[in-house]
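**Student:** model this:
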Amino acid sequence: MTATRLESRAVVRVSPRDESEDVPAFLQGLLTNDVSAERLAQGPVYAALLTAQGKAMFDFLVWADGREVLIDCEEAVADELAKRLGLYRLRRAIDIARDDTLAVHWSAEPREGAAADPRLADLGWRWLAPANAGEDSADEAWLAHRLSLGVPEGREEIGDILWLETNAVELHGVSFDKGCYVGQENTARMNWRQKVNRRLVVVDLAASQEKRRKAAYPALGKAVDHLRVDDLDPAALPDWQAAGVAA
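**Tutor:** This next block holds a predicted model:
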């Protein structure tokens, strides 16, 4: 069987300890996208937790699991994400913790029970399943596939970048009509003024600008740069990104 497990990903479970607690409503006031129970019932949602200034701290996919919510995030920051979300919990009867009993899986081809990646259809299909020892890793295939489509993700690539500069609109990672969330004011202002001056762009490593580079992948000959929009050639960008830059 083709390897599908993403070992670079982990799952954070957010669950109520009390019947009166509404986990999606709790997250709705924190995350960039619509994660209401009604929206999550339609499938996973791409979202982020930002700083108050609107810069990305964590990006992830959010899944419904009954009255609980599962967050598909980077393995390296899962504990930090759980801790950060816990700061907003105050005295609410909500548990937030990494769940190592589950693993994140990916396939470029449709799979029964899998959901299309909400960012971009060409990214493929994802699902969560019980973690089993010895599962083969699909991380290298996923990284090559993602970069071939020009899609950035994760702290190394998007960390400390204004959310709209990470291509959040084009990758369906933000809602402008769901109400307030952390970092919403600056994000909404940028959208209203159409002031997205820089973008994260996947480029050939040979053409990467070291001063503007966020991450490099020598084995794949790719890098992620944070470039001025005025310096971008829409014809050299993937179609999904070119449409946003030209707008």
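**Student:** so after the helix or strand hosting Asp72, what's the next helix or strand?
**Tutor:** Counting by DSSP states H and E, the element that carries Asp72 is strand 68-74. Counting by DSSP H and E, the element after strand 68-74 in chain order, helix or strand, is helix 78-87.
**Student:** pull the distance from that next one to the chain's centre.
**Tutor:** Relative to its parent chain, helix 78-87 has a centroid offset of 16 Å by C-alpha atoms, centre = their mean, to the nearest Å.
**Student:** against which helices or strands is that helix packed?
**Tutor:** strand 9-16, strand 45-50, strand 56-65, strand 94-98 (3 or more C-beta pairs under 8 Å, 6 or more residues apart in numbering; DSSP states H and E). In short, each C-beta sits where N, CA and C put it, glycine included.
**Student:** right, so the ones you listed: which one is the most enclosed?
**Tutor:** Most buried of the helices and strands packed on helix 78-87, by mean neighbour count (mean count of other C-beta atoms under 10 Å): strand 45-50, with a mean of 25.
**Student:** check which helices and strands that one sits against.
**Tutor:** Packing partners of strand 45-50 (3+ C-beta pairs under 8 Å, 6+ apart): strand 56-65, helix 78-87.
**Student:** show residues contacting it.
**Tutor:** With contacts defined as C-beta atoms under 8 Å, 6 or more residues apart in numbering, strand 45-50 is touched by 30-35, 39, 56-62, 81, 84-85, 117-119, 163, 168, 171-174, 181-183, 187.
**Student:** my read: Leu171 touches Arg119, true?
**Tutor:** Yes. Assessed by C-beta atoms under 8 Å, Leu171 is found in contact with Arg119 at 4.2 Å.
**Student:** no further queries at this time; thank you.
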